[in-house]
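Undergrad: Sharing a model that was predicted from the sequence below.
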Amino acid sequence: MATSRRISDEPAFVLHRYDWSESSLILEVFSRHHGRIALVAKGAKRPSSNFRPVLLPLQPLRVAFGGDAEIRALKGAEWVGGQVMPTGDALLSGYYVNELLLRLLARDDPHPRLFDAYAAVVHVLGSEHGEALQPGLRAFELLLLREIGLLPSLDAQTTTLQDLQPSARYALVPEGGLVLAGADQERASLAGAQWQDLQRALDDEAPYTATLRAVAGMQELKPQLRHLLHYHCGVPTLRTRQLMLDLQAL
């Protein structure tokens, strides 16, 4: 009789949680070596459960789980520590990043480099350096799109493969990739030299840190990435984005 596989000491973050019964939860977890997985945490809602204070979003964990079904059983979870829970806009930004992963990552598809980038952006969100928030999000968005194969090469025009002209303006658009910007795209485009800088940063040995530095001051990047992400998520506005807008309108 085959025995179910058990995984121990796996780095992970909780992306989302659902009620499964009066006492248990279903967790959507992003793990370093196994990708996005679903786990059932039996008894996690009970006041006496060891899981109750640990299974929080945006906190680094080490988990153990087992089973061969689509939803596996959580056997253990330990808080790694060293991470402050984000608050305010940073907390909403964390939920936004989690929503991107839930919508764009397939189950059981490992992305260790993306996991490392996620851990890095969570650290930025929990830090006191608010000026790094937007660059941190842009860097993660770029790395996410590249990791799942939705970001074209940023050092050439996508359809023609022609080299970018350093001073010419180019826009990143769904399906078309990187194209020469028209007159109506000037505010949502970057110079060829800027796109080339981004490509070099993505290819760096420490891509998140290098890209975080490269995107600083590139405000025109935000609407382009937002449009591209919404397109691939299949929604006009993400839920967390709409929540941010609603709160700003209060």
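TA: Happy to help now that I have it. Numbering: from 1, shown residues only.

Undergrad: Give me the domain ranges for this protein.
TA: 6-79, 88-249 (automatic domain parsing).

Undergrad: where among these is the average confidence lowest?
TA: Per-stretch mean pLDDT for the domains of the chain is lowest at domain 88-249 (a mean of 91).

Undergrad: Work out the gap between it and the centre of the chain.
TA: Chain-centre distance of domain 88-249: 10 Å, with Cα atoms, centre = their mean, to the nearest Å.

Undergrad: just to revisit the earlier point, got JSON lines for the domains of the chain, with mean neighbour count too?
TA: No exception for glycine: its C-beta is placed from N, CA and C like everyone else's. Listed next are these as JSON lines, based on neighbours: other Cβ atoms under 10 Å:
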{"stretch": "domain 6-79", "mean neighbour count": "17"}
{"stretch": "domain 88-249", "mean neighbour count": "17"}
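
Undergrad: what's the spacing between the residue positioned nearest the centre of the chain and residue 201?
TA: Closest to where the C-alpha atoms of the chain average out (Cα atoms, centre = their mean) is residue 97, at 4.4 Å. As judged by Cβ to Cβ, to the nearest Å, residue 97 and residue 201 stand 19 Å apart.

Undergrad: swap in residue 149?
TA: 19 Å.

Undergrad: which stretches of this protein form helices?
TA: 88-104, 112-126, 133-147, 192-202, 207-214, 221-233, 239-249 (DSSP state H).

Undergrad: so what secondary structure elements neighbour the fourth one?
TA: Helix 192-202 is packed against helix 133-147, strand 169-173, helix 207-214, with contacts defined by 3 or more Cβ pairs under 8 Å, 6 or more residues apart in numbering; DSSP states H and E.

Undergrad: Out of those, the one nearest residue 25 is which?
TA: helix 133-147 (25.7 Å; Cβ to Cβ).

Undergrad: Now do the closest one: everything it contacts.
TA: With contacts defined as Cβ atoms under 8 Å, 6 or more residues apart in numbering, helix 133-147 is touched by 89-90, 93, 96-97, 100-101, 104, 111, 113-114, 117-118, 120-121, 124-125, 151, 198, 202, 207-208, 211-216, 218, 221-222, 225, 228-229, 232.

Undergrad: How about stretch 17-34?
TA: Outside stretch 17-34, the residues touching it (Cβ under 8 Å, 6+ apart) are 7, 10-16, 36-46, 51, 55, 57, 63, 71, 74, 101-102, 105, 108, 110, 112, 115-116, 118.

Undergrad: Return the subset of those lying in strands.
TA: 7, 10-16, 36-41, 63, 71, 74 (DSSP state E).
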